[in-house]
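Peer 1: Build me a model from this:
(one chain, ligands or ions: 1)
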Amino acid sequence: MFLDRIVATKHEEVSALKKSLNIGQAERTIAGLESCRGFEQALIGRNRPVGLIAEVKKASPSKGLIRPDFHPAGLAQAYEEAGTDCISVLTDSDYFQGSNEYLKRIREQVKVPLLRKDFTIDERQIYEARLIGADAILLIAAILTKNQLSSFYTLARDLGLDVLVEVHNRPELDMVLDIGKASLIGVNNRDLKTFITDLKVTEELIALLPKGIVAVSESAISSTDDVAFVREAGAQAVLIGEHFMRQSNVRNAVNELLGPITKKEGASG
Ligand SMILES: O=C(O)c1ccccc1NCC(=O)[C@H](O)[C@H](O)COP(=O)(O)O
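Peer 2: Just a heads-up that it's a prediction; the model follows:
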C-alpha cells in the first residue's frame, strides 16, 4: 500500500535527519527567527467567502506527473496575485517531486503563510519545517498514534507553527476531537490508502465538528459546483492542488473557481 511505502521512506529520511539536525541547536536558531505568518488567522480573515489554500504540486502518487513546466516560485507568485489566503508546498521528493528548497524559495517570493505539506512522523521534521520557513505543518491522523498527534501538535505550537490536522474518517476524527487541541481541521476527500476521492466525506465529517473549529475541505475539488458543495457542507476553506496545476494560467484559474475577492482592502480578519 502506497501510504505504508511513504511512511517507510519517511522513517529513512528521519534516520538521516537524526544525524544532521541537532535539536538544541535547532531551538537556538528558531529562537532568533521571525515569528510565523498566521496561517489559521489568514483563513479566518479570508479574502473570499471561502478561504483558499492553493497547493504547489508537481506530481502525486495517484496521478504521476501533473505539471511538467514546474516553477514553484512563479506559481506561488501567481497564487498570491490571485488572492489566495495561504499556500501549501509539497516538500516530499520521492512521491510528489517536491523539495524543502521549493518552500525556502517560495517564502522569499510571497508574503502569504505557507503550509509545509509532508508526512510528519517524528518531532525532528517539525523543527525542520520551522527552519525552512514554514508557517504551518500538516499532521495526518491516519499515520499517527493519539500520543504522537498530541505531542507533535504541542511541539509545533511551541515552535510558533500553526497546525492543520487531517482526517478522513470517523475514527480519526474521534481521536482528534478526543485530544481536544486542534482548532484547524482538514477533511481529506481522498482516501490515502486507496486514492478514492469523494466529496461526501467532507459532508459527513464537517457535520460532526464542534463550533469554533476552522474546517478545510481537501482534495478532488475542481469545479464551482464542487466548491459550492463543500461550502454548503460547512467548509470555511478549501485546499486545491491538481486542478490549478493543470491550468496554464494559474491566476485566472483561481479567480474562475473561487470568484472575485470580496474582502475590503485594509480589513482585518
Ligand atoms: O495526491 C495524492 O495522490 C496523494 C496520495 C497519497 C497521499 C497524499 C496525496 N495527496 C496529498 C494531498 O492531500 C493533496 O495534495 C491535496 O489535498 C490537494 O489535492 P488535489 O486538489 O486533489 O490535488
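Peer 1: what's around Tyr102, how many residues?
Peer 2: 23 (other C-beta atoms under 10 Å). Every residue, glycine included, has its C-beta placed from N, CA and C.
Peer 1: What strand or helix carries it?
Peer 2: helix 100-109 (DSSP states H and E).
Peer 1: Likewise for Phe152?
Peer 2: helix 146-158.
Peer 1: Now tell me what touches that helix from outside.
Peer 2: Outside helix 146-158, the residues within contact range by C-beta atoms under 8 Å, 6 or more residues apart in numbering are 120-121, 123, 126, 129, 137, 139, 141, 144, 162-163, 165, 175-176, 178-179, 181-182.
Peer 1: can you tell me which of those residues are in strands?
Peer 2: Among these, the members found in strands (DSSP state E) are Ile137, Leu139, Asp162, Val163, Val165.
Peer 1: Nearest to Pro113, out of these: which one, please.
Peer 2: Asp162 (7.6 Å; C-beta to C-beta).
Peer 1: which residues touch the closest one?
Peer 2: Residues in contact with Asp162 (C-beta under 8 Å, 6+ apart) are Cys36, Gly38, Phe39, Glu40, Pro113, Asp135, Ala136, Ile137, Ala156, Leu184.
Peer 1: my guess is Ala82 contacts Asn249, does it?
Peer 2: No: Ala82 lies out of contact with Asn249 (C-beta atoms under 8 Å); the separation is 9.7 Å.
Peer 1: quick one: which of those two has more around it?
Peer 2: Per other C-beta under 10 Å, whichever of Ala82 and Asn249 has more neighbours is Ala82, with 22 against 12.
Peer 1: tell me the strands in the stretch 1-150 of the chain, going along the chain?
Peer 2: Counting by DSSP state E, counting those that start in this stretch, the stretch 1-150 of the chain has strands at residues 51-56, 59-60, 64-65, 86-90, 114-117, 136-140.
Peer 1: Now the last one: average pLDDT?
Peer 2: Translated: strand 136-140. For strand 136-140, the mean per-residue pLDDT is 98.
Peer 1: repeat for stretch 192-208
Peer 2: Stretch 192-208 comes out at a mean pLDDT of 96.
Peer 1: Give me the contacts around that stretch.
Peer 2: Applying C-beta under 8 Å, 6+ apart, the contact partners of stretch 192-208 are 1-3, 61-62, 140, 142, 167-170, 173, 177, 187-191, 215, 217, 219-221, 226, 229-230, 233-235.
Peer 1: and the ligand, which of those reach it?
Peer 2: Here is what survives when the contacts of stretch 192-208 are matched to the ligand using C-beta under 6 Å from any ligand atom: Phe2, Pro61, Ser62, Asn188, Ser219, Ala220, Ile221.
Peer 1: What distance do you get for Ala82 to Leu258?
Peer 2: Using C-beta to C-beta, to the nearest Å, Ala82 is found at 8 Å from Leu258.
Peer 1: pLDDT wise, what is Lys264 at?
Peer 2: Lys264 carries a pLDDT score of 83 in this model.
Peer 1: Likewise for Met1?
Peer 2: Looking at Met1, the pLDDT reads 78.
Peer 1: Look at it and say how many residues are nearby.
Peer 2: Met1: 9 neighbours (other C-beta under 10 Å).
Peer 1: tell me the contacts of it?
Peer 2: Met1 makes contacts with Lys193, as judged by C-beta under 8 Å, 6+ apart.
Peer 1: So that it lines up with my notes, have the first residue be 3 from now on.
Peer 2: From this message on, residue numbering opens at 3, which makes the last subject Met3.
Peer 1: Break down the stretch 103-252 of the chain into its helices, ranges please.
Peer 2: With DSSP state H, counting those that start in this stretch as the criterion, the stretch 103-252 of the chain has helices at 125-134, 148-160, 172-181, 202-208, 226-234, 244-247, 252-260.
Peer 1: Any chance of the contacts of Asp164 in TSV with neighbour count and distance to Val203 as columns?
Peer 2: Below are those laid out as TSV (neighbours: other C-beta atoms under 10 Å; distance: C-beta to C-beta, whole Å):
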residue	neighbour count	distance to Val203
Cys38	18	29
Gly40	17	27
Phe41	25	23
Glu42	21	22
Pro115	22	25
Asp137	24	26
Ala138	26	22
Ile139	26	22
Ala158	23	25
Leu186	20	17
